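**Student:** I'd like to go over a predicted model; first the sequence, then the structure.
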Amino acid sequence: MRLVADENISWRLKKLIPQWEILPSNEIPPGKRLTDLMIWQYAKANNYSILTFDEDFFELQNLFSFPPKIIWLRTGNVATYEIANLLIKLKKEIDEFMVNDELGIYEIYL
């Protein structure tokens, strides 16, 4: 699974789920703050999906369709380890979403 995590998701998530390819947005390029549109364009050009808390990516998908696919965390303010546990728990469903060409967004609620 190839995910770009938006700036509101801790870079520590990639350490908690090392078997997933999670790229924090501040690493593309390193240290540069990216706009949501820049993250969108990077994900699309490099075959990543987007992991986000941010509704703005939903709006970008309404404008530009998909790819990239979006995993939208609608969990509120939770600890990074809770996000990791939730993603691991939902891995099968996320995998099914990723291969479904008709779906562009997967919303996760707590």
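**Tutor:** Nice, thanks for sending it over. Numbers count the residues shown, from 1 in each chain.
**Student:** Where do the helices of the protein begin and end?
**Tutor:** 13-16, 36-45, 55-64, 80-89, 91-99 (DSSP state H).
**Student:** For residue 71, name its beta-bridge partners.
**Tutor:** When bridges are called by DSSP bridges, residue 71 pairs up with residue 51, residue 106.
**Student:** how close does it get to residue 43?
**Tutor:** The gap separating residue 71 from residue 43 is 11 Å, by C-beta to C-beta, to the nearest Å. Any C-beta I mention is one placed from the backbone N, CA and C, and that applies to glycine too.
**Student:** what is in contact with the two at once?
**Tutor:** Residues touching both residue 71 and residue 43 by C-beta atoms under 8 Å, 6 or more residues apart in numbering: 49-50.
**Student:** neighbour count winner among the two?
**Tutor:** residue 43 (26 against 21; other C-beta atoms under 10 Å).
**Student:** Which residue, neighbours along the chain excluded, lies closest to the more buried one?
**Tutor:** residue 68 (3.9 Å; C-beta to C-beta, 6 or more residues apart in numbering).
**Student:** And for residue 26?
**Tutor:** That would be residue 7: by C-beta to C-beta, 6+ apart, it lies 6.4 Å from residue 26.
**Student:** Give me the phi and psi for that neighbour.
**Tutor:** Main-chain dihedrals, residue 7, degrees, to the nearest 10: phi -60, psi -20.
**Student:** residue contacts, residue 20?
**Tutor:** 1, 3, 14, 87.
**Student:** What pLDDT does the model give the second one?
**Tutor:** Among the per-residue scores, residue 3 shows a pLDDT of 97.
**Student:** Give me the residue ranges of this structure where confidence is low.
**Tutor:** The chain contains no residues with pLDDT under 70.
**Student:** Let me know the outermost residue of it.
**Tutor:** In the chain, counting by C-alpha atoms, centre = their mean, residue 31 sits farthest out from the average C-alpha position, at 18.8 Å.
**Student:** got a list of what residue 106 touches?
**Tutor:** 69-72, 93-94, 97.
**Student:** ok, the contacts of residue 20 vs residue 63, which is closest?
**Tutor:** Using C-beta to C-beta, residue 3 comes nearest to residue 63 of those, at 20.9 Å.
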